[in-house]
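Peer 1: need a structure here:
(one chain, ligands or ions: 2)
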Amino acid sequence: MDNLVTPQQDCARSNDSLKTEIKNKLPAPVVLQRDAHTLSRSNISEPALKVLYRLKKSDYDAYLVGGGVRDLLLDRHPKDFDIVTNALPEDAIQLFRNSRLIGRRFRLVHVHFGDEIIEVATFRGHEEQSEDEELKNRHTRDGMLIRDNVFGTIEEDAWRRDFTINALYYNIQDFTVIDYTGGLEDLKNRLIRIIGDPGQRYREDPVRMLRAARFAAKLGFNIEPNTEAPIYQLADRLSQVPPARLFEEVLKLFLSGHAVATYDLLRKYTLFDNLFPYTASLLKPEHPASADTDALIRLGLRNTDERIAQGKPVTPAFLFAIMLWRPMQNLARENIANGMRPLPAHQQAGADVIAQQTDFISLPKRFAMQTREIWSLQARLDNRSGKRAYRLLALPRFRAGYDFLLLRAHSVEPDLLPLGDWWTEFQEANDATRAAMLKKIHSPRRRGRRPRKMR
Ligand code: ATP
Ligand code: MG
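Peer 2: Ligands and ions are numbered 1, 2, ... in the order given. Now for the predicted structure:
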């Protein structure tokens with residue numbers, strides 16, 4: 001509050017001069033007229049335009065902001081459209097039939113148009129920065145940061161955003177683009193620059209460090225040196241972020257089509273160590289498993305990026321199967337060394353590794369189960385005799401298990417290539433060929449009369 005004056009001082013000057021003084025502290029915004037930028041309404045989704053126009057018709061200010069403006073100015077296809085307005089959430093919600101109030105920390109309106117959701121936020125005011133533990137605890141206990149619910153002006157809203165390139169506003173009133181924080185210049189120079197004091201902004205919300213890496217990877221931008229510097233020291237603050245929020249962030253990091261580039265940056269900044277600590281410990285250069293661990297993850301992420309580029313579905317279960325495979329294997333080996341039989345040793349290791357990981361990043365139960373199914377299929381895919389191959393093929397998780405087998409084979413376990421090829425052929429074959437294939441693997445086994453050991 002040190003930028004405010006005392007009541008005595010206040011008496012000495014008019015309200016207007018005070019306002020001017022505060023305003024003078026902030027640089028004047030850059031305003032690009034409609035013919036001075038490339039953002040065209042034809043690239044904004046129909047629903048987003050409808051929301052903007054409805055707000056405008058009701059005499060509210062309405063702007064497109066965030067990734068929508070950033071990506072359109074870069075000639076990219078925005079993932080979603082975010083809108084800000086001076087309408088309060090309870091007023092905005094009245095304007096749209098299919099809308100809902102959401103959020104506890106900061107109330108927003110979600111307007112639903114079929115599959116597309118347009119997020120409408122009210123300008124946010126200044127957030128008080130405080131390292132005061134008592135204050136923090138009080139807020140945490142309430143589960144809500146009351147001070148966050150303070151609404152403000154567009155200018156205050158701009159300075160509260162994370163990066164300059166994310167704080168550009170497209171005004172539906174006159175089609176201008178407004179820049180309070182230098183985002184246009186940074187967009188031109190391909191720089192991720194945090195708004196305000198970097199250390200303070202990261203302490204306030206450590207997820208911003210992940211977002212810096214995500215945008216740098218996605219856009220191929222550099223992280224500006226002052227924005228980059230404090231990350232190494234503050235990376236461990238991620239432990240303060242609720243695991244459920246980190247789950248959402250991890251999906252954005254690894255399932256948005258730029259997973260390999262994101263992985264490299266997360267490792268460079270030691271952010272990865274604070275997301276997947278067990279995996280990171282195996283990735284340390286001195287660890288004998290580091291090259292293999294990295295190779296499997298890298299190929300897994302490359303495949304994920306390719307699938308997304310081809311419009312194929314991806315699942316968090318497979319991502320976690322990739323990330324935690326090696327820690328699970330190590331633990332299973334320990335279990336076996338301690339006298340457990342291979343099957344329960346692997347099952348126990350799977351359960352334990354996921355339980356340990358979820359202290360950091362939560363993994364909804366249904367995905368955790370699928371991850372474990374993908375792992376348990378690794379041993380089962382080897383055992384194809386009799387009707388087993390058909391039963392395996394019919395399992396809902398077969399395809400993911402098979403994909404994972406191929407991933408292992410093509411990254412660090414070339415011994416598995418023949419088994420992978422066999423399954424590829426079996427899936428594509430007709431009934432007669434399948435029967436012939438099964439006969440071939442069936443007979444030597446019978447002669448041997450010894451059950452195959454698990455790998
Ligand atoms: P994309 O949607 O492509 O992932 P985005 O920039 O639109 O990128 P969102 O998560 O949709 O990201 O957030 C919309 C906007 O809200 C951001 O552009 C930014 O201005 C603001 N924002 C989001 N998260 C934060 C945060 N943790 N701190 C400050 N501002 C944020
Ligand atoms: Mg967005």
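Peer 1: Return the distance of residue 340 relative to ligand 2.
Peer 2: Plainly put, residue 340 is 47 Å away from ligand 2 if you go by CB to the ion, to the nearest Å. (Each C-beta comes from the backbone N, C-alpha and C, glycine too.)
Peer 1: what sits against the closest residue to that residue other than its chain neighbours?
Peer 2: Of all residues not flanking residue 340 in the chain, residue 348 sits nearest, at 6.9 Å (CB to CB, 6 or more residues apart in numbering). The contact partners of residue 348, by CB atoms under 8 Å, 6 or more residues apart in numbering, come to 331-332, 335, 340.
Peer 1: what about the residue in the stretch 351-455 of the chain that ligand 1 sits nearest to, how many neighbours?
Peer 2: Ligand 1 sits closest to residue 361 of the stretch 351-455 of the chain, with a gap of 17.0 Å, by CB to the nearest ligand atom. By other CB atoms under 10 Å, 23 other residues sit near residue 361.
Peer 1: Can you report how many residues lie near the closest residue to it other than its chain neighbours?
Peer 2: Excluding the flanking residues, the one nearest residue 361 by CB to CB, 6+ apart is residue 246, at 4.5 Å. Using other CB under 10 Å, residue 246 has 21 other residues around it.
Peer 1: Just the CA trace of the strand or helix carrying residue 246, in PDB.
Peer 2: Assigned by DSSP states H and E, residue 246 belongs to helix 243-254. Output of helix 243-254 as PDB, limited to C-alpha atoms (Å, rounded to 0.1, in the frame of the first residue of the first chain):
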ATOM      1  CA  PRO A 243      -1.600 -31.700  -6.700                       C
ATOM      2  CA  ALA A 244      -5.000 -31.500  -8.500                       C
ATOM      3  CA  ARG A 245      -3.900 -28.200 -10.100                       C
ATOM      4  CA  LEU A 246      -0.600 -29.700 -11.100                       C
ATOM      5  CA  PHE A 247      -2.400 -32.600 -12.800                       C
ATOM      6  CA  GLU A 248      -4.300 -30.100 -15.000                       C
ATOM      7  CA  GLU A 249      -1.000 -28.200 -15.700                       C
ATOM      8  CA  VAL A 250       0.900 -31.400 -16.500                       C
ATOM      9  CA  LEU A 251      -1.800 -32.300 -19.100                       C
ATOM     10  CA  LYS A 252      -1.300 -28.900 -20.700                       C
ATOM     11  CA  LEU A 253       2.500 -29.400 -20.600                       C
ATOM     12  CA  PHE A 254       2.600 -32.800 -22.200                       C
END
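Peer 1: mind checking how far that helix is from the chain centre?
Peer 2: Mean-position distance between helix 243-254 and its chain equals 5 Å (CA atoms, centre = their mean, to the nearest Å).
Peer 1: Quick one: mean pLDDT over it.
Peer 2: For helix 243-254, the mean pLDDT works out to 98.
Peer 1: What are the buried residues along that helix?
Peer 2: 246-247, 249-250, 253-254 (16 or more other CB atoms under 10 Å).
Peer 1: quick one on the thing from earlier: closest one of the contacts of residue 348 to ligand 1?
Peer 2: The closest of the contacts of residue 348, once distances to ligand 1 are taken by CB to the nearest ligand atom, is residue 331, at 34.3 Å.
Peer 1: Name the residues of stretch 283-302 that are buried.
Peer 2: Using 16+ other CB under 10 Å as the test for burial, stretch 283-302 gives 283, 289, 292-294, 296-301.
Peer 1: before we move on, what about stretch 153-171?
Peer 2: Neighbour-count burial for stretch 153-171 [16+ other CB under 10 Å]: 154-171.
Peer 1: so which of these also contact ligand 1?
Peer 2: By CB under 6 Å from any ligand atom, the members of the buried residues of stretch 153-171 lying near ligand 1 are 161-162, 166-167.
Peer 1: May I see the residues you listed arranged in CSV, with pLDDT as well?
Peer 2: Listed next are these as CSV, based on pLDDT from 0 to 100:
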residue, pLDDT
161, 97
162, 97
166, 98
167, 98
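Peer 1: and of those, the nearest to ligand 2?
Peer 2: The closest of these to ligand 2 turns out to be residue 166 (CB to the ion; 8.5 Å).
Peer 1: What is the neighbour count of the spatially closest residue to that closest one that is not a sequence neighbour?
Peer 2: Of all residues not flanking residue 166 in the chain, residue 66 sits nearest, at 5.4 Å (CB to CB, 6+ apart). The tally of other residues near residue 66 (other CB under 10 Å) stands at 25.
Peer 1: same question, the one 10 residues further on
Peer 2: Residue 76 is flanked by 13 other residues according to other CB under 10 Å.
Peer 1: How much space separates it from residue 262?
Peer 2: Distance, residue 76 to residue 262, by CB to CB, to the nearest Å: 16 Å.
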